[in-house]
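Asker: turn this into a model:
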Amino acid sequence: MTAVKPVLDAYLELNFVLILSVALWFAARFVLSRTSMRLSFSDQFRLLRALVLCLMLSPVLAFGVAHLFELLWPGQPMAIGDVAVAAYLRGEIALPATQFETLLNTRQRWVEAALDGRSVWAIAALAALALVSAMLVIRVIWAALQIRQTVLDSFLWKRSAKVDVRLSDHIKVPFAVRGLRRRHVILPSNLLNDRHELRFAIAHEFQHVRSGDVEWELVLEFLRPLFFWNPAYHILRYQFERLRELGCDQAIVARRRLDTVDYAKCLLDYCARTVSRE
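Answerer: Predicted coordinates:
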């Protein structure tokens, strides 16, 4: 159990950082809503991706910041617990000593209760967490195998330096995916009947490829087994997916100088027909 404790501590800290990241994101959105960037979805999406990247690198960043802080201000408290203790000793926190110690050691007690084997509820919670995580890992693997089979069953239509454009009779909605070496844009075969819609679909999916959205989607999917129980993960993912699509459409219209109304009407018409077929 001694070897597990640092892992559990790091996992809890990472979940706390995730919650903090969502709070920071909403604070940033509040500020952006009062600037000229309130409708710049591409810029907002880049900012959100930077936040997610910092979240993933937070263990390394925390280690580097701690060492830098020690070099610049040796002997000064860096950890939140150390800062709280220093503030308490200066009289800035008005709590009885026993109550302050209990509050400060809350997380430590939870970790010890989960690992000492005496709490049935803690053992049940950890077992449920491990079981659901394992199921989600299996689900990710199964989805990857299904997508791979869809790619294998499709027909190569066009090929560029990095992307294969393929046609499939088994899908209704275009999507982009990447393999180990190449990226693929899979289109429903019936799009060949409408060159207008085909043009917009290719532009949309290629923009996702160009922006690296496929790789970011993989990252978020791989994080699901770790953070599925944390509401902050689902909030962050919803914001990510929303800005990804809005930013993609905005970039297409701006870069290709397409008519906004025409592009939106094409998307709505295609969605309506897709839903009516189900």
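
Asker: look up phi and psi at residue 177.
Answerer: Per-residue torsions, residue 177: phi -150, psi 160 (degrees, to the nearest 10).

Asker: what pairs with it across the strands?
Answerer: Residue 177 has these beta-bridge partners by DSSP bridges: residue 184.

Asker: pretty sure it contacts residue 184?
Answerer: Yes. Residue 177 is within contact range of residue 184, at 5.3 Å (criterion: CB atoms under 8 Å). Bear in mind the C-beta positions are built from the backbone N, C-alpha and C, glycine included.

Asker: quick check: neighbours shared by these two?
Answerer: residue 151 (CB atoms under 8 Å, 6 or more residues apart in numbering).

Asker: the protein: helices as residue ranges?
Answerer: All helices of the chain, identified by DSSP state H, fall at 4-32, 41-56, 58-72, 80-89, 97-104, 106-115, 120-153, 195-211, 213-227, 231-256, 260-277.

Asker: check the ones you listed for me: which has the lowest mean pLDDT.
Answerer: Lowest mean pLDDT within the helices of the chain: helix 80-89, at a mean of 55.

Asker: so what's the nearest residue to residue 246 once chain neighbours are set aside up against?
Answerer: Closest residue in space to residue 246, ignoring its immediate chain neighbours: residue 41 at 3.9 Å, by CB to CB, 6 or more residues apart in numbering. Counting by CB under 8 Å, 6+ apart, residue 41 touches 243, 246, 247, 250.

Asker: and those residues, which is closest to residue 130?
Answerer: Nearest to residue 130 out of the contacts of residue 41 is residue 243 (CB to CB; 32.4 Å).

Asker: thought the closest one was touching residue 47?
Answerer: No. Checked against CB under 8 Å, the pair residue 243 and residue 47 is beyond contact range at 9.0 Å.

Asker: burial measure for residue 268, as a count.
Answerer: 10 (other CB atoms under 10 Å).

Asker: actually, residue 242.
Answerer: There are 14 residues near residue 242, going by other CB under 10 Å.

Asker: ok, now how distant is it from residue 235?
Answerer: Computed as CB to CB, to the nearest Å, the residue 242 to residue 235 distance reads 11 Å.

Asker: buried only: go through the contacts of residue 41 for me.
Answerer: The neighbour count (16 or more other CB atoms under 10 Å) marks 243, 247, 250 as buried among those.

Asker: isn't the second one right up against residue 44?
Answerer: Yes. At 7.3 Å, residue 247 counts as touching residue 44 under the criterion of CB under 8 Å.

Asker: in contact with the residue lying closest to residue 223 once chain neighbours are set aside, which residues?
Answerer: Closest residue to residue 223 apart from its sequence neighbours, by CB to CB, 6+ apart: residue 233 at 6.9 Å. Residue 233 sits next to 18, 223, 224, 227 when contact means CB under 8 Å, 6+ apart.

Asker: and if you look at residue 157?
Answerer: Residue 157 sits in contact with 165, 166, 167, 187, where contact means CB under 8 Å, 6+ apart.

Asker: let's go with 7 Å and repeat that
Answerer: Listed by CB atoms under 7 Å, 6 or more residues apart in numbering, the contact set of residue 157 reads 165, 166, 167.

Asker: any idea how far the last one is from residue 47?
Answerer: For residue 167, the distance to residue 47 equals 36 Å [CB to CB].

Asker: can you check the second one too?
Answerer: Using CB to CB, one gets 33 Å for the distance from residue 166 to residue 47.

Asker: where's residue 196 relative to residue 210, distance?
Answerer: For residue 196, the distance to residue 210 - CB to CB - is 21 Å.

Asker: these two: who's more crowded?
Answerer: When residue 196 and residue 210 are compared for neighbours, residue 210 comes out ahead with 16 against 11, by other CB under 10 Å.

Asker: residue contacts, that one?
Answerer: Contacts of residue 210 (CB under 7 Å, 6+ apart): none.

Asker: and the gap between residue 251 and residue 207?
Answerer: Where residue 207 is concerned, residue 251 sits at a distance of 6 Å (CB to CB).

Asker: now residue 49
Answerer: Distance from residue 49 to residue 207, by CB to CB: 15 Å.
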